[in-house]
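*Asks:* Whatever this is, show me its structure:
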Amino acid sequence: MISPQAIVQTTSIGKNVRIDEFAIIRPDVVLGDGVIIHPYVVIESGAIIGDNVEIFPGAYIGKEPKGAGATARKIDFRRVVKIGKESSIGPHAVVFYDVEIGENCLLGDGASIREQCRIGNKVLLSRYVTVNYNTKIGDRVKIMDATHITGNMSIGNDVFISDLVSTANDNVMVGQHYEEEKIIGPQIEDGANIGLGVSLLPAVRIGKGSLVGAGSVVTKDVAPGALVMGIPAKFIRNLEQ
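*Replies:* Next up, the predicted model:
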């Protein structure tokens, strides 16, 4: 069912699609079967929405990145967004162009994903999580409320990241001088767990199956299977396998 008060400019609409009032669907959007679009959603051209995806009120899919003369980094992106089947996009979430989201993913209220990001399957990005540019997130990852995932970062499979975690990719605070090869976010390996309020500094590697205790500031690599905690984070013991 398509509300007569919606603006629908695409013809690529699957079966049993619902588009509510005041939604705006631009040309060249592809909507799979069973998609539900709630009121005040905006989907820009080039978006591909998989079967049975639900997009809640106020979400914006396909936002164009803008430098506006304020960013040192060159903005580069493709005008494509892909959202895999059975995913749910929460109210007022923002998904930029050049983002791919896998199947059975959940974006919480106000979550935001910047350009050049790739998100795996069965991923939870909870309320007000922000994912910056050129970041890779594997399968079955859970990132909890108000956490910031920085640019040029990678996260493996089966990772858990708690609330209010901060990550950084720049040790020298580049200002107007952006050198891509020096801007590297943390690299989190499969099965790692990051506790409440942790700060991960640039380029640190969090080893497979390791645990970073709540409130820690990680300034150097964490070995696989290790428990670390403190400011700065220090090795405590190896976790039982």
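
*Asks:* wouldn't I55 be in contact with I37 here?
*Replies:* Yes: here I55 reaches I37: they are 5.3 Å apart, a contact under C-beta atoms under 8 Å. For every residue, glycine as well, the C-beta is placed using N, CA and C.

*Asks:* who touches both of these two?
*Replies:* Common contact partners of I55 and I37 (C-beta atoms under 8 Å, 6 or more residues apart in numbering): I43.

*Asks:* Around the nearest residue to I231 once chain neighbours are set aside, count how many other residues there are.
*Replies:* Spatially, and ignoring its direct neighbours in sequence, I231 is nearest to V217 (4.6 Å; C-beta to C-beta, 6 or more residues apart in numbering). Using other C-beta atoms under 10 Å, V217 is surrounded by 16 other residues.

*Asks:* Residue ranges in this structure under the pLDDT threshold?
*Replies:* 69-70, 72, 173-178, 241 (pLDDT under 70).

*Asks:* For A214, see how far away F160 is.
*Replies:* 13 Å (C-beta to C-beta, to the nearest Å).

*Asks:* coming back round to it: please report how far the residue nearest to I231 lies from G197.
*Replies:* 10 Å.

*Asks:* Tell me who's in contact with I236.
*Replies:* So I236 contacts G213, A226, L227, V228, M229 (C-beta under 8 Å, 6+ apart).

*Asks:* Assumed it was part of a strand.
*Replies:* Yes: if the criterion is DSSP: H, G, I helix; E, B strand; the rest coil, then I236 is within a strand.

*Asks:* hang on, the earlier thing: let's have the contacts of I236 in JSON lines, adding secondary structure, neighbour count and distance to K85.
*Replies:* Listed next are these as JSON lines, based on DSSP: H, G, I helix; E, B strand; the rest coil; neighbours: other C-beta atoms under 10 Å; distance: C-beta to C-beta, whole Å:
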{"residue": "G213", "secondary structure": "coil", "neighbour count": "17", "distance to K85": "37"}
{"residue": "A226", "secondary structure": "strand", "neighbour count": "20", "distance to K85": "38"}
{"residue": "L227", "secondary structure": "strand", "neighbour count": "17", "distance to K85": "38"}
{"residue": "V228", "secondary structure": "strand", "neighbour count": "23", "distance to K85": "38"}
{"residue": "M229", "secondary structure": "strand", "neighbour count": "18", "distance to K85": "40"}
